[in-house]
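# here are the coordinates; sequence isn't available:
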Ligand SMILES: CC(=O)[C@@H](O)[C@H](O)COP(=O)(O)O
Ligand SMILES: NCC(=O)COP(=O)(O)O
């Protein structure tokens, strides 16, 4: 496999915590899931510490920071409280995401173009504590240009609209948008990651796009793990995306 078609898998363990929080138990433990994911070939672990703490908790993030052998991709909203927490935590990677309390999941990308000063300040603070910062944005040229301007070295393109497409034509259109977004990101010298809503039947087309550095995938892996076990679910996803990237 050449350098051009290698791809990384970041496993998001948020929804292991969702299951635990549903009953207020001590199990299942997202920290164990993260360690199992690493053993199965995950290149990194993604966690989103939401303001409403609906899934992952501070305890999970702190324990993972000590225990992970790969790297943490810490997803957070752009708030003073989260910035202060990240400065203490010092994760290897931070992904800034938009957040609203009422949403079922992250519905769209961060509006970087509409709040450049605020995002630039956040990026600078996070870079000062050693984090590689990425911005979770839609594959929109305006947002990609703004991401480059505020000094973030990486972006993660939101694949939710592609994943939720209701027709073949709509899916093809969203895929083309992401492909163009990858190209635009690379042309600005950005590292381009992608994720959201990817599963075993739709991830290959995204993995096959040349230049995508990493896919972050969570919900589908956690769901599949119920039937095949966590390590097997991660292995299957890793195999799927590596094969697609090699063909791409
Ligand atoms: C930003 C993002 O896409 C992830 O945080 C992921 O989707 C986690 O799940 P929820 O959006 O359901 O919290
Ligand atoms: N940033 C996207 C992510 O971490 C995974 O999202 P999902 O697979 O749980 O939808």
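Received, thanks. Please read these numbers as outputs of a predicted model, since none were measured by experiment. Ligands and ions are numbered 1, 2, ... in the order given.
# so the residue nearest the centre of the chain: helix, strand or coil?
Geometric centre of the chain, nearest residue: residue 216, 4.0 Å, by CA atoms, centre = their mean. When classified by DSSP: H, G, I helix; E, B strand; the rest coil, residue 216 comes out as strand.
# can you tell me how far the closest residue in space to residue 54 that isn't next to it in sequence sits from ligand 2?
Among residues not flanking residue 54 along the chain, residue 21 sits closest, at 6.6 Å (CB to CB, 6 or more residues apart in numbering). All C-beta spots, glycine's among them, are computed from the backbone N, C-alpha and C. Distance, residue 21 to ligand 2, using CB to the nearest ligand atom, to the nearest Å: 15 Å.
# which neighbouring elements make contact with the helix or strand encompassing residue 21?
Residue 21 belongs to helix 14-23 when elements are defined using DSSP states H and E. Helix 14-23 sits against helix 30-39, strand 44-48, helix 219-228, with contacts defined as 3 or more CB pairs under 8 Å, 6 or more residues apart in numbering; DSSP states H and E.
# would you point to the one among those that's packed deepest?
Looking across these with neighbours counted as mean count of other CB atoms under 10 Å, the highest average goes to strand 44-48: a mean of 26.
# what does that strand contact?
8-14, 30, 34, 37-38, 55-56, 60-61, 64, 68, 70-76, 92-93, 95, 97, 106, 195, 214, 216, 218 (CB atoms under 8 Å, 6 or more residues apart in numbering).
# buried ones in stretch 138-147, by neighbour count?
For stretch 138-147, burial by neighbour count (16 or more other CB atoms under 10 Å) applies to 138, 139, 140, 143, 144, 146, 147.
# which among the residues you listed gets closest to residue 165?
Nearest to residue 165 among the buried residues of stretch 138-147 is residue 139, at 13.4 Å by CB to CB.
# ok, residue 72 touching residue 63?
No. Under the criterion of CB atoms under 8 Å, residue 72 makes no contact with residue 63, lying 10.9 Å away.
# more neighbours: those two, which one.
For residue 72 and residue 63, the more surrounded residue by other CB atoms under 10 Å is residue 72, and the numbers stand at 23 against 16.
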